[in-house]
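>>> give me a 3D structure for the following:
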Amino acid sequence: MERRKHVYITPTCFTQNFHLFETILLRKLRQIDEERNTYLMGIQKLEEANLIVDGMKAQLEELKPVLEAKSKQVEKTMVKLDKESKEVEAIKAVVDQEA
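Sure thing, here's the model as predicted:
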């Protein structure tokens, strides 16, 4: 059977240990508070980003009809340009034959 040795702590040693514990505890509490603030800032930034994205989605939906109209206009212009380029090619061929 093993006997344990009694350890006596003097009041001064107890006070020093208590101050050491208090210092470590306060340091850890500050660290936890800083980490919590970091996470809260991250959450706030994510929420702000979500609001911006929602606004952009709404703006995109508003501009969708305009985009479709512009696409149709571009298609019409391309058809017109194709037709005109064929006419120009025909005229060019006639001019080249005359020359």
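>>> now do the helix or strand containing residue 15: distance to the chain's middle.
Here residue 15, judged by DSSP states H and E, is contained in helix 11-98. On the basis of CA atoms, centre = their mean, to the nearest Å, helix 11-98 sits 6 Å off its chain's mean C-alpha point.
>>> which of the three states applies to residue 5?
coil (DSSP: H, G, I helix; E, B strand; the rest coil).
>>> contacting residues for the spatially most central residue of the chain?
Residue closest to the average C-alpha location in the chain (CA atoms, centre = their mean): residue 49, at 6.3 Å. Residue 49 makes no contacts at all, as judged by CB atoms under 8 Å, 6 or more residues apart in numbering. All C-beta atoms are positioned from the backbone trio N, CA, C, and that covers glycine.
>>> quick check: pLDDT value at it.
pLDDT for residue 49: 98.
>>> same thing with the one 5 residues further on?
Residue 54 is assigned a predicted lDDT (pLDDT) of 97.
>>> now do the one 4 residues further on
Per-residue confidence for residue 58 comes out at a pLDDT of 95.
>>> so where's the chain shaky on pLDDT?
Applying pLDDT under 70 to the chain flags residues 1, 99.
>>> mind doing that once more with 80?
Residues of the chain meeting the criterion pLDDT under 80: 1-3, 99.
>>> secondary structure class for residue 2?
Following three-state DSSP, the label given to residue 2 is coil.
>>> what is the neighbour count of it?
Neighbour count of residue 2, defined by other CB atoms under 10 Å: 3.
>>> now swap in residue 71 and tell me
Counted with other CB under 10 Å, residues neighbouring residue 71 total 10.
>>> one more: residue 20?
Residues near residue 20, counting by other CB under 10 Å: 10.
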